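1. sequence and predicted structure are below.
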Amino acid sequence: MKRIYLIITALAALVSISGCRKLDVDVESQYVGGNFPETSSDYAALLGTMYSNLSSNYAINYWRMQELSTDEAIIPARDGNFDDGGQYRQCHYHTWTIDHPYVTGIWQWGFGGINNCNRLVSVLAGSKLDDATKASLTVEVRAMRALYYYFMMDTYGNVPLITTFPVDTLPSTQPRATVFAYIESELKAIAPSLPSKSNNAATNLLQYGRPTKAMAFALLAKLYLNSVTYTGIDRYKDVVAMADSIQSNTNYALDHNFRDIFLPNNGPQINETIFAVPYDQQIPGNQFTRFGFYYYLVQAYGFNVGLSIAMSTTPEFYDRFNIPGDARTQTWLAGPQFYPDGAGGFTNQPVLYPDDGTQIIIYKPLILVPGKPMDIGNTRLSQASGVRSIKYYPDPAITQATRLNGNDVPVFRLADVLLMKAEAILRGAPATAVNGEVQTPLILVNKLRTRAGAQQATSVDLQAILDERARELSWEGWRRQDLIRFGQFETEYPLPNDNLSMNKDVTRRIYPIPITEIRLNTNLRQNPGYPN
């Protein structure tokens, strides 16, 4: 599938380049007779552009906006290294600006994806494809456009709503509830026409990384779970309905081994993946090992490349991984280090520093150097400070040229759906039965605990659900949204010797519209709490 994904991306580039033949043509469209797509391969290449755009930033800067603004991930400076103009500490302390590089870059990424989808809908409408093929491809594009809009609405709140190509007039900012309603209506309209996961491996291979019915249902469940945040209206019953719609397809099931879901060879064989972003050494975007490893361990993991020591988690977040027997604890590098077993676990052989033969230890505390903002120094001790995530298990195929991971990154998976249903029930929705089993929150949580080999829960409340989401979904890009929904986004986790404090203004629950966009389009209105 990853090879197919790469070929589609390359074909898309060729389709774009092939039109550069004459410079004296009055251009009304980027397509002319010489390059207008005709074959199914042409259209497959065109649709590849919306996936290559998604992968380009989903696991990097979009992910960082969702995680560095929470307790789940942190990039402290190390004697000035990795300060990068203070952009990471601005995320940590909620002091980002209207021209922060992530604020600007992800807006352009998201609306670039939306604009491309609008273009694809327009091209498909004018194609000579048969009606069935045209309808199928159009539904696929609309599903991806809804996904992009969800990312933008969740991240920026009030955003322009653009559904045509080309755009005749500069769009204006629309209320978040209006964008919510558009996403909901689109998904409900197209879900019946999207394909379903089957028990046919060849069919599932072709659908992998592309929208399905379950993807639409999972996105609707996210929309409804956060509806109070987005619109002020409770939609928890609808969360349960979407979760049950996904579970009605028995081809989705929890995988037996939690670590298998995130290994470098993950893919369509993972039973619980509903929608994932494929990555490999040629599909850029997954750089988790590059930025969040510890370079003294590279030889122990079977590769020898230059890697960063920057990204880790906060001690308070890691403290949630305290359940006896929980395999999810193995997704972190913490304490004395041992050689990996290649399957997500560890052997009993200690990893030693090459100079003095002592065992490598990763320390949980992040102790700042006095007088340096969010800087822990650059001694060997400070280099080993900060628990690292290896949830996306280090890829032995990583190369110095790209330093990319081949692990596909899940966007929606069944475990998340079960936790969404459990939370919705705790918030007031009636419990429902699936395959004759009434799924109470406790039963749903213990399904995940059982799979992880963790001690069973005896009771579950809302705080327990939030903590279980932290354990199950760490570094999957949902922490910011979860903390906002639980009213804990402004909770501060002070670091020792820290002389900075968090901006606890609730307007920081959404990011600002980039100032560059407002200057280009005066119809856009800045979000509350930010300067124009």
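-> Alright, I've got the coordinates.

2. and residue 175, how far from residue 181?
-> 9 Å (CB to CB, to the nearest Å). C-beta coordinates here come from the backbone N, C-alpha and C atoms, glycine included.

3. and for residue 123?
-> Distance from residue 123 to residue 181, by CB to CB: 27 Å.

4. which ones are touching the most centrally placed residue in the chain?
-> For the chain, residue 477 is the residue whose C-alpha lies nearest the centre (CA atoms, centre = their mean; 4.2 Å). Counting by CB atoms under 8 Å, 6 or more residues apart in numbering, residue 477 touches 58, 62-63, 66-67, 411.

5. just the ones in helices from those residues, please.
-> Among the contacts of residue 477, DSSP state H puts 63, 66-67 in helices.

6. hmm, back to that, between residue 123 and residue 181, which one's more packed in?
-> Neighbours around residue 123 and residue 181, counted as other CB atoms under 10 Å, are more numerous at residue 123. The numbers are 22 against 16.

7. secondary structure of that one: a helix, I assume?
-> Yes. Residue 123 forms part of a helix when assessed by DSSP: H, G, I helix; E, B strand; the rest coil.

8. I figured it was touching residue 45, is that so?
-> No. Using CB atoms under 8 Å, residue 123 makes no contact with residue 45, being 11.6 Å away.

9. run through this structure and note the low-pLDDT ranges.
-> 1-36 (pLDDT under 70).

10. just the strands in it please.
-> 159-160, 173-174, 273-277, 332-333, 335-336, 338-340, 346-350, 361-362, 388-389, 409-413, 433-434, 437-438 (DSSP state E).

11. so which of these gets nearest residue 446?
-> Checking the strands of the chain against residue 446 by CB to CB gives strand 437-438 as the closest, at 11.9 Å.

12. what's in contact with that closest one?
-> Residues outside strand 437-438 that contact it (CB under 8 Å, 6+ apart) are 431-432, 443.

13. now flag whichever of those residues is closest to residue 206.
-> residue 432 (32.1 Å).

14. can I assume the closest one is in contact with residue 244?
-> Yes. Using CB under 8 Å, residue 432 is in contact with residue 244, at 5.7 Å.

15. any idea how far residue 90 is from residue 83?
-> For residue 83, the distance to residue 90 - CB to CB - is 11 Å.

16. ok now stretch 474-494, how far from the chain's centre?
-> Stretch 474-494 sits 14 Å away from the centroid of its parent chain (CA atoms, centre = their mean, to the nearest Å).

17. which positions within it qualify as buried?
-> Going by neighbour count (16 or more other CB atoms under 10 Å), the buried part of stretch 474-494 is 474-485, 489.

18. likewise for stretch 307-317?
-> Those would be 307-315, 317, for stretch 307-317 by 16+ other CB under 10 Å.

19. do the same with stretch 440-451
-> Quick answer for stretch 440-451 (16+ other CB under 10 Å): 441, 444-449, 451.

20. output the residues you listed in CSV, with distance to residue 171 appended to each entry.
-> Listed next are the buried residues of stretch 440-451 as CSV, based on distance: CB to CB, whole Å:
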residue, distance to residue 171
441, 41
444, 41
445, 43
446, 47
447, 44
448, 42
449, 47
451, 45
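
21. restricted to helices, list these.
-> Going by DSSP H, the helices hold 441, 444-449, 451 from those.

22. can you show me the CA trace of stretch 352-360 as CSV?
-> Taking C-alpha atoms only, stretch 352-360 is exported to CSV below (Å, rounded to 0.1, in the frame of the first residue of the first chain):
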residue,chain,number,x,y,z
LEU,A,352,25.8,0.5,28.4
TYR,A,353,27.4,3.8,27.7
PRO,A,354,30.4,3.1,25.4
ASP,A,355,32.9,5.3,27.4
ASP,A,356,32.5,4.1,31.0
GLY,A,357,30.4,0.9,30.7
THR,A,358,27.6,2.1,33.0
GLN,A,359,24.0,1.3,32.2
ILE,A,360,22.1,4.0,30.4
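
23. state the distance from residue 126 to residue 486.
-> Distance, residue 126 to residue 486, using CB to CB: 47 Å.

24. let me fix that, I meant to ask about residue 415.
-> Applying CB to CB, the value for residue 415 to residue 486 is 18 Å.

25. before we move on, back to that, can you redo the buried residues of stretch 474-494 as TSV with distance to residue 524?
-> Converted to TSV, the buried residues of stretch 474-494 look like this (distance: CB to CB, whole Å):
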residue	distance to residue 524
474	35
475	32
476	31
477	26
478	27
479	28
480	23
481	23
482	28
483	27
484	23
485	26
489	24
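
26. from those, which is closest to residue 161?
-> residue 481 (20.7 Å).

27. can I assume the closest one is in contact with residue 155?
-> No. Judged on CB under 8 Å, residue 481 makes no contact with residue 155 at a distance of 9.2 Å.

28. between those two, what contacts are shared?
-> Joint contacts of residue 481 and residue 155 (CB under 8 Å, 6+ apart) are residue 66.

29. and stretch 90-110, which residues are buried?
-> Per 16+ other CB under 10 Å, stretch 90-110 contains these buried residues: 90-94, 96-98, 100, 102-107, 109-110.

30. go on, stretch 162-172?
-> Buried-residue list, stretch 162-172, by 16+ other CB under 10 Å: 162, 165, 171.

31. likewise stretch 345-358?
-> Applying 16+ other CB under 10 Å to stretch 345-358 flags 346, 351 as buried.

32. and it, how far from the chain's centre?
-> Here stretch 345-358 is found 33 Å from its chain centre; the criterion is CA atoms, centre = their mean.

33. identify the residues contacting that stretch?
-> Against stretch 345-358 from outside (CB under 8 Å, 6+ apart): 259, 296-297, 300, 330, 336-341, 359-360.

34. end to end on it, go ahead and measure it.
-> In stretch 345-358, first residue to last residue: 21 Å (CA to CA, to the nearest Å).

35. for stretch 48-67, same thing?
-> Stretch 48-67 end-to-end distance (CA to CA) = 27 Å.

36. could you check how far it is from the centre of its chain?
-> Centre-to-centre, stretch 48-67 and its host chain are 7 Å apart (CA atoms, centre = their mean).
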